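S.K.: Fold the following.
(chains A and B)
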Protein chains: 2
Amino acid sequence: MFSVVMAGGSGTRFWPLSRREVPKQLLDITGEGPMVARTCERIAPLCRDEELILVLGQSHLGAVRQLLAGRPVHLLGEPVGRNTAPAIGLGALAAAHLGCRGAVAFLPADHYIADPKAFLDALRVAANVAEAGGIVTLGIVPVRPETGYGYIRREAEPLEMEGEAAYRVLEFVEKPDLERAAEYLASGSYYWNAGIFVAKTDTILTQIRIHLPHLHDALMRLAASLGTPGFETALKEIYDGLESVPFDYGIMEKTREPVYVLPCECGWSDVGSWESLYELKRGEHDGEGNLISGDILSVDCRRSFVSAEEGRLVACLGLDNCLVVDTQDILLVADLRRSQEIRKIVDRLAADRRQKYL
Amino acid sequence: MFSVVMAGGSGTRFWPLSRREVPKQLLDITGEGPMVARTCERIAPLCRDEELILVLGQSHLGAVRQLLAGRPVHLLGEPVGRNTAPAIGLGALAAAHLGCRGAVAFLPADHYIADPKAFLDALRVAANVAEAGGIVTLGIVPVRPETGYGYIRREAEPLEMEGEAAYRVLEFVEKPDLERAAEYLASGSYYWNAGIFVAKTDTILTQIRIHLPHLHDALMRLAASLGTPGFETALKEIYDGLESVPFDYGIMEKTREPVYVLPCECGWSDVGSWESLYELKRGEHDGEGNLISGDILSVDCRRSFVSAEEGRLVACLGLDNCLVVDTQDILLVADLRRSQEIRKIVDRLAADRRQKYL
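M.R.: Now for the predicted structure:
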């Protein structure tokens, strides 16, 4: 089975640890190793290295090549980020070029999965379903009324498709408020949208042709150069003219193909913010709910996340819901509950052209 | 007029900026220069350098000598800190030895005074009162219901002593709770105790003889060596055996000499904590009440105090009542309202024998 790992994120969410040159997917955020390497290891039982395609930022090619040294995976370097629709299209095109005619799994490179076996089982079933056509998404069974994720609503009754409990999707729902999120959780008919898709290459490319014809044209122009020395130049030309479009918005919400959701309980997290990482590492919290790494002296602190690089002492007094990230050249101090807003800081630095801090 | 400047503080209150080797009185906390130098400048119109005695920690002699280079002041280095009663006793002994028979001003080295003229005027009056005997304290007219200071309660009617508005002191009061502090403020009969005293040398030494006879014996043994090469050795021997006693507790609360308070409105602050410094610099706050120095990028912060040394970027998001002090080797993040408790951190470091951070 082919897989396309999407590793093109710009990594502002873990700033200042993540930077343009070292985005989240290249970092060991969770303690299991660099996320992109972990994603490639996780999928290995389903997918030989020769069937593994990574779509990533061109400037990260060298770093990823090192992380995956000796593994004959396929790396595709995007000259600029154009969100997931072009990345998935490019991945599908490459898979088809490599001879794939069956279902392909499209996987973000920077997610955490506590139970890889449950995850792989779900992908196997999803592949079976997708072989018959349509697009299958993994639906993460919600465990709390999360307002930070999009949701997938399913039909009441499962399909009887090869005995697998897949459902038809009724709709994709934007991030809800807390009240709605609680309703979704209670209903049992909603799943978290993890952005994990399984579909055959020609299903993907056909849907792109119908709903994103400009992208399809570009991919077709690129097809001729695949595997030739002219590929990089062609890729650059084409990407310059592409729009940024998320696959969810560009295809999934519009397609008339059947869309299925396969419920999955695999301990998934998108690790989308410092707070999300803090929650993920609940097992490492101290008695007052602090998550601490480095040379930290803490007095009367609670529910705080303090991370410091070696060589400096960090003293904390009376903190509550505080995030402290101390790196060589940047110190971040924030309300932990607002760690989603770190982008505001990165945007300000970009506007001020302070490149060395991006 | 002789003055004794007490510069023996250990400087934990402004940790991590202040350290054992560079306590608060040697730092430029307020932006007017090192506090001990500023204190010596302030008193200069009243007191020639030859009449100025500084009592300070022995390990700071070199630094203070540099700060006051070229000024023929007298420096007395205490081998260990024993609080203010021994320091005042030593200062009085030295002043007497230098020929002083009149009133001496005893001044902490690390206070801020917005209106030096009002301060000097008060000292002049205090000296006049003290020439007739007794001990005169400056009573700072309170401007808010402060719970961080001790108070001085006066009699209802002023003395008619050379036409000066001095009052007899009824009692010295410990730091009050907020309710009491508000009563004190409203009553008009209470002043902040700034630890600033004026008295003749023999009044001081007599009171020490009566209430701290052990200290008096020690000072008398020391007297013979004043101005001789054996002084330092004698001082060390004597200090080793002394108890730590605050002058307030050891003398002022017990004396049967007349004690006077002279009201003073000079914009005084003991600058006793980061929060106190934050309040003092109200004029430099931004629109959201933040006090910021260094390369700080702040988003949605209020009433926070962020201070960083050069060479690092500090980004702050959503902070409220937060204190951030970023130095070369230590970062402190604290609830600004609890900056009085920084001692807890320093105590822990001392208990862990982490000398380089003290």
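S.K.: what does chain A have sitting close to chain B?
M.R.: By Cβ under 8 Å from any Cβ of the partner chain, the residues of chain A that approach chain B are A:16, A:297, A:299-300, A:306, A:308, A:311-320, A:322, A:324, A:326, A:329-335, A:337-339, A:341-342, A:344-345, A:348-349, A:354, A:357. C-beta here means a position set from N, CA and C on the backbone, and glycine is covered the same way.
S.K.: Out of these, name the ones that lie in strands.
M.R.: Among the residues of chain A next to chain B, the residues falling in strands (DSSP state E) are A:297, A:299, A:306, A:308, A:313-317, A:322, A:324, A:326, A:330-335.
S.K.: which parts of the helix ranked longest in chain A are buried?
M.R.: Looking across chain A with DSSP state H, the single longest helix is helix A:116-131. Residues A:116, A:119-120, A:122-131 are the ones in helix A:116-131 that count as buried (16 or more other Cβ atoms under 10 Å in any protein chain shown).
S.K.: Okay, helices next: where are they in the stretch 51-200 of chain A?
M.R.: A:61-67, A:84-97, A:116-131, A:178-187 (DSSP state H, counting those that start in this stretch).
S.K.: Residue A:150 is nearest to which of those?
M.R.: Evaluated with Cβ to Cβ, the helices of the stretch 51-200 of chain A place helix A:178-187 nearest to residue A:150, the distance being 10.7 Å.
S.K.: so how far is the closest one from its chain's centroid?
M.R.: 24 Å (Cα atoms, centre = their mean, to the nearest Å).
S.K.: Could you do stretch A:261-273 as well?
M.R.: Stretch A:261-273 has its average C-alpha position 10 Å from the chain's average C-alpha position, going by Cα atoms, centre = their mean.
S.K.: Dump it to CSV, keeping only the CA atoms.
M.R.: Taking Å, rounded to 0.1, in the frame of the first residue of the first chain, the C-alpha atoms of stretch A:261-273 are listed here in CSV:
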residue,chain,number,x,y,z
VAL,A,261,-15.7,7.8,7.7
LEU,A,262,-14.1,5.0,9.6
PRO,A,263,-14.2,5.4,13.4
CYS,A,264,-10.8,5.0,15.0
GLU,A,265,-9.7,5.0,18.6
CYS,A,266,-6.0,5.2,18.4
GLY,A,267,-5.1,7.9,21.0
TRP,A,268,-4.7,10.5,18.3
SER,A,269,-3.6,14.1,18.9
ASP,A,270,-2.7,16.7,16.3
VAL,A,271,-0.3,18.2,18.9
GLY,A,272,-1.4,21.5,17.5
SER,A,273,-0.2,23.8,20.2
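S.K.: got the buried residues for that stretch?
M.R.: Buried residues in stretch A:261-273, counted by 16+ other Cβ under 10 Å: A:261, A:262, A:263, A:264, A:266, A:268, A:269, A:270, A:271, A:272, A:273.
S.K.: Report the contact partners of residue A:297.
M.R.: The neighbourhood of residue A:297, defined by Cβ atoms under 8 Å, 6 or more residues apart in numbering or on different chains, consists of A:313, A:314, A:315, A:316, B:345, B:348, B:349.
S.K.: Then residue A:304?
M.R.: Residue A:304 neighbours (Cβ under 8 Å, 6+ apart): A:289, A:290, A:291, A:298, A:316, A:319, A:320, A:321, A:322, A:323, A:324, A:336.
S.K.: Just the buried ones from these, in PyMOL syntax?
M.R.: Of those, the buried ones can be selected in PyMOL as follows, counting by 16+ other Cβ under 10 Å:
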select buried, chain A and resi 290+291+298+316+319+321+322+323+324+336
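S.K.: Pipe the contacts of residue A:304 into TSV and attach pLDDT and distance to residue A:27 per row.
M.R.: Shown next, in TSV, are those (pLDDT from 0 to 100; distance: Cβ to Cβ, whole Å):
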residue	pLDDT	distance to residue A:27
A:289	97	24
A:290	98	22
A:291	98	16
A:298	96	24
A:316	98	23
A:319	98	24
A:320	98	27
A:321	98	24
A:322	98	22
A:323	98	16
A:324	98	18
A:336	97	19
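S.K.: Of the residues of chain A next to chain B, keep whichever come out buried.
M.R.: By 16+ other Cβ under 10 Å, those give A:16, A:297, A:299, A:306, A:308, A:312-319, A:322, A:324, A:326, A:330-335, A:338-339, A:342, A:344-345, A:349, A:357 as buried.
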